[in-house]
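Student: pasting the structure only:
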């Protein structure tokens, strides 16, 4: 392949977002942790799903076939979550965070989906969680 001899505009995506087709007959709500089912479609995360990110807005495919609607997810960043088991400043030691569904987060790995790490404990079980879906999938 030869080097460029003229401008070659390319189509770029915003680096921290991705769009995935949604499974049939379901709704992914804004703020939901999003997982990938065995057929490659996005859905509200179910324990053991590969983590895709957090839904930026609601994607209602309740009346559609698989792939009729897409969900836009934030794939990387920091988010404030309630994390079961993270109840003291010792959570600042960056333990891994897992999800058992689209809105339940825990330090327990068993049968759950890894989504990131505690970046900072705030209070109670509130933490800032650093997530990067591409690194989690790697």
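Tutor: Looks like it arrived, so ask away. On a predicted model such as this, the values are computed, not experimentally measured, just so you know. Numbers count the residues shown, from 1 in each chain.
Student: not counting its neighbours along the chain, what's nearest residue 122?
Tutor: residue 128 (6.5 Å; CB to CB, 6 or more residues apart in numbering). Placement of C-beta: from N, CA and C, glycine included.
Student: check which helix or strand that neighbour maps to.
Tutor: Using DSSP states H and E, residue 128 maps to strand 126-132.
Student: can you pull out the low-pLDDT segments for the chain?
Tutor: Applying pLDDT under 70 to the chain flags residues 1, 14, 137-138.
Student: residue nearest the centroid of the protein?
Tutor: residue 53 (1.6 Å; CA atoms, centre = their mean).
Student: the helix or strand containing that residue - contacts with which helices or strands?
Tutor: Per DSSP H and E, residue 53 falls inside strand 51-55. With contacts taken as 3 or more CB pairs under 8 Å, 6 or more residues apart in numbering; DSSP states H and E, strand 51-55 sits against strand 17-21, strand 33-36, strand 70-74, strand 113-123, strand 126-132, helix 133-137.
Student: circling back: what about the residue nearest to the centre of the chain, distance to residue 45?
Tutor: 10 Å (CB to CB, to the nearest Å).
Student: what is in contact with those two at once?
Tutor: The contact sets of residue 53 and residue 45 overlap at 33-34 (CB atoms under 8 Å, 6 or more residues apart in numbering).
Student: and residue 127, what does it touch?
Tutor: 80-83, 86, 91, 97, 118-121.
Student: the spatially closest residue to the residue nearest to the centre of the chain that is not a sequence neighbour: neighbour count?
Tutor: Leaving aside its chain neighbours, residue 53 sits nearest to residue 73 (3.4 Å; criterion: CB to CB, 6+ apart). Residue 73: 24 surrounding residues under other CB atoms under 10 Å.
Student: same check, this time on residue 61
Tutor: 23.
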